[in-house]
Structure formats: structure tokens, C-alpha cells
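K.L.:
return a 3D structure for these sequence lines:
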Amino acid sequence: MSLRFSVLASGSTGNAFYIETEKERILVDAGLSGKQIDRLMHETGIDPTTLSRILVTHEHSDHIKGLGIIARKYQLPIYANSKTWQAMDGSLGKLTLDQKFTFERDTTETFSDLDVESFGVSHDAADPMFFTFHHEGKKVALVTDLGYVSERIKKTVENADALIFEANHDVSMLQMGRYPWNVKRRILGDYGHVSNDDCAIALEDIIGDETKRIYLAHLSKDNNMKDIARMSVEQHLSAKDFGINHGLTIHDTDPASPTSLYHVV
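P.N.:
Numbering: from 1, shown residues only. Okay, here's the model as predicted:
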């Protein structure tokens, strides 16, 4: 089985990611209702009673909406950094002390046979961080909710076998859309979200010989479409002579439907 994962849900309305090895079954974020998360896991063939733990990227509701419910239902430990724990205070309901663990930014934790490396991103949360997962020479990188892609982030996630990466909005759709200007400015700013075009430009420096799959994630419900995001990224990378559909494939994610469990080989 080695290393397998599914993007259970991704979008501006809710996010959850699952990754497993022979010994670990980890949920990253729980930004939907407990009932929805259960459904998504069962649709993917995952037994939620076998989960090992939950990792948290940041405290925004589209990442923690069902966190307390899932943790209590399956008696799971939660791992978040200190500032995120403070920001979530009062939002999760009652948790026992043995469910609260600290996993600081820019550190690596080993859970059984899986090494998890955390790294900070630029986003308007207390201390947002995302993860790369390492197992038997394979690497999966999860990175969304960032206003810009720093050189440090590029180096951290580069040459991952599989990459889940933000393509939040089409700039023209956002600029012409119904959002008030202060919200548009927030999304376009350094602590907002990465556009389709900026995603494609960053991927130029991130894709390596080992990179086989890219999942476009955290698409805005109002300011993006799957076809537009995929076309923008594919056209840009093809123009730069990346072998799209010849060893490298681009995949959609959805806020209500999980991706199939993918076995990283």
C-alpha cells in the first residue's frame, strides 16, 4: 500500500485532506460538518474509526468547522501550533487534555512510519502552516491559503511526487465579480489567496522529475471554475515545455466530492 491520499474536500466552503501509510491514517483539517466528513470518507472507502490523528493548518472555519465533532466522535488527538490553538479557543467545544497536542511551524514530527514537515504560509490567520509528507522516499505536499509563493515554500515543496496546490481565483472573474472592494483587495493581497496564473508561474519552479500529479485546490466558488483553472495552468506549463499528460497530470478537486485514493508509486 505504501503512501495513499485523497483530497476529501477543497474549496472556499470547506477543506479536508486524508493521507495514509501502512501504520498511519491522518486527517488534515475538518472544514465541513461532521456528517459531511463521514460521508466523504465512506465514499472514498476510508473507515473513520481507523484514523490516527488530525492535523490543523489554521483556524478559519472552512478548515475547522467539524474539527471538534470528529475529534470527539472518534477520540482523536488534534495537532496544531500554539497560536492556532489560541485562535481556536472556544470554537471546538469540549476536548480532553489528551486530545490537545502542539505541532509548531517549521518543525518535523514523525508519526510511526510517516514524517510530516510543517512550514509557514502568508495568510490572514494567526500562524497558518501547511505540510509535506515523507514516506519511504516519496513526498506529498499540501499547500493552499497563501497570498504569495515564497522561495522558501518553493524549496520546501519542490519535486514532490504529488502536489496539492492552491488555484483560488481567476483575477478577471474576481475583479468583475460581486465582492466588495475590501474583500477583493484582501484576496489579491499578500495574505490572501493565489490566483490561477500565480499558481502556474510558481509551479514552474516546483515541478521536478519526480512530480507526477498536481491537484488544483481551494478554488473559489464565486471567482473560479474548474475548467478555467485547469486550462490556465495547463496552457502555461505546456508553453514552458512541461509534459502535461505525458508523465505529469493535472487534476481537479471539489468542495463536495472526494478524489479517488491515489497510491504514490
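
K.L.:
show the average pLDDT along the longest helix belonging to the chain.
P.N.:
Selection of the longest helix in the chain by residue count, based on DSSP state H, yields helix 226-239. For helix 226-239, mean pLDDT rounds to 95.

K.L.:
ok, then the element right after it?
P.N.:
The helix or strand immediately downstream of helix 226-239 is strand 249-252, counting by DSSP states H and E.

K.L.:
what is that following strand packed up against?
P.N.:
Here strand 249-252 is seen to pack against strand 213-217, helix 226-239 when contacts are counted using 3 or more CB pairs under 8 Å, 6 or more residues apart in numbering; DSSP states H and E. For every residue, glycine as well, the C-beta is placed using N, CA and C.

K.L.:
just confirm Thr253 contacts Phe165, I think it does.
P.N.:
No. Thr253 is not in contact with Phe165 according to CB atoms under 8 Å; the separation is 10.1 Å.

K.L.:
helix, strand, or coil at the residue positioned nearest the centre of the chain?
P.N.:
The structure's the chain has its C-alpha centroid closest to Leu142; by CA atoms, centre = their mean the separation is 4.5 Å. Of the three states, Leu142 takes strand under DSSP: H, G, I helix; E, B strand; the rest coil.

K.L.:
overlap in contacts, Thr253 and Phe165.
P.N.:
Counting by CB atoms under 8 Å, 6 or more residues apart in numbering, the residues touching both Thr253 and Phe165 are Tyr215, Leu216, Ala217.

K.L.:
out of those, which are buried?
P.N.:
By neighbour count, with 16 or more other CB atoms under 10 Å, those hold Tyr215, Leu216, Ala217 as buried.

K.L.:
how many neighbours does the nearest residue to the second one once chain neighbours are set aside have?
P.N.:
Translated: Leu216. Nearest non-adjacent residue to Leu216, counting by CB to CB, 6 or more residues apart in numbering: Ala167, 4.2 Å away. The number of residues packed around Ala167, counting by other CB atoms under 10 Å, is 32.

K.L.:
show me what contacts Ala167?
P.N.:
194-196, 199-200, 216-219, 224, 229, 232-233.

K.L.:
got it, and Glu20?
P.N.:
Contacts of Glu20 by CB under 8 Å, 6+ apart are Met1, Leu3, Arg4, Phe5, Ile26, Ile46.

K.L.:
same deal with Ile244?
P.N.:
Glu234, Leu237, Ser238, Ile250.

K.L.:
again, 10 Å this time
P.N.:
By CB atoms under 10 Å, 6 or more residues apart in numbering, the contact list for Ile244 reads Ile214, Arg230, Val233, Glu234, Gln235, His236, Leu237, Ser238, Ile250.

K.L.:
derive a PyMOL selection command for the buried subset of the residues you listed.
P.N.:
The buried subset of the contacts of Ile244, as determined by 16+ other CB under 10 Å, is captured in PyMOL by this line:
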select buried, resi 214+230+233+234+236+237+250
